[in-house]
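Undergrad: all I have is the shape, not the residue letters:
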């Protein structure tokens, strides 16, 4: 990348007919992933989103390998089915081996990634499909795609805020799998992980009443700035939004109000 590429004379105008739907898609992803990400961070199972996103992506790849690419319902069914199976497997592994849960989640992610690469090995466009799965094609989101995701996001939020206490571990994993399955096909694995973890990290020391508004605000600003910069400079949108998310969440962590811990006598363990 040359310096000339970022000079104002080479900037493109922002086409909101393209950026608008992409921004709405990002906000829908954030709406569910910020509260789910806070739960993931508290549980210390950070890589669960990568694992389930990769498993859902494996379902999409498998559907393509079976020749179902032109049938949207078949692709969605394969993605949801594999993600739910992954959630059931994670629930069982947590009960069976709770002391090595994070290691098992990492192993499952690597296994799903490797199987996906093997399924794409004979596909001449395999590299492109794999890149789309990881980085996403958020700028190519169409308004028609957003209605189903909006309905799903509303349902996930209703369950999360209305019935969270009754979910249990299995319910959490299943709800998580449903949310991630939809988002990974919109924005890619990298943005799914960023939307879940970075805002949650940014506000983890803030007062509880401020955490969700600050996390949603930082994430929304990151998607807005990232997509606009991507459109103006013709850079890969997913990567730009991830970088914007990291910078803005780091800034939020620095300026956000923090909970004051009580003063402890010297020598008292925290």
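TA: Everything's here; your move. As the structure is a prediction and not an experimental result, all values here were calculated from the model.
Undergrad: which helix or strand contains residue 67?
TA: Using DSSP states H and E, residue 67 sits within no helix or strand.
Undergrad: any idea how far residue 141 is from it?
TA: The gap separating residue 67 from residue 141 is 25 Å, by C-beta to C-beta, to the nearest Å. C-beta here means a position set from N, CA and C on the backbone, and glycine is covered the same way.
Undergrad: more crowded one of those two?
TA: Higher neighbour count among residue 67 and residue 141: residue 141, with 23 against 9, using other C-beta atoms under 10 Å.
Undergrad: the more buried one contacts residue 185, correct?
TA: No. Residue 141 lies out of contact with residue 185 (C-beta atoms under 8 Å); the separation is 9.8 Å.
Undergrad: any weak-confidence spans in the stretch 101-250 of the chain?
TA: Residues of the stretch 101-250 of the chain meeting the criterion pLDDT under 70: 124-136.
Undergrad: quickly find the element holding the residue nearest the centre of the chain.
TA: Compute the mean C-alpha point of the chain, and by C-alpha atoms, centre = their mean the closest residue is residue 192, 1.3 Å away. Using DSSP H and E, residue 192 maps to helix 189-202.
Undergrad: against which helices or strands is that helix packed?
TA: Applying 3 or more C-beta pairs under 8 Å, 6 or more residues apart in numbering; DSSP states H and E, one finds that helix 189-202 contacts helix 16-43, helix 48-65, helix 126-135, helix 168-187, helix 208-233, helix 237-255.
Undergrad: for the ones you listed, which one ends up most surrounded?
TA: Most buried of those, by mean neighbour count (mean count of other C-beta atoms under 10 Å): helix 48-65, with a mean of 25.
Undergrad: please identify the buried residues of the next helix or strand after it?
TA: Counting by DSSP H and E, the next helix or strand C-terminal to helix 48-65 is helix 72-96. For helix 72-96, burial by neighbour count (16 or more other C-beta atoms under 10 Å) applies to 75-76, 78-84, 86-87, 90-91, 93-94.
Undergrad: before we move on, what about stretch 193-208?
TA: The neighbour-count check on stretch 193-208 (16+ other C-beta under 10 Å) flags 193-204, 206 as buried.
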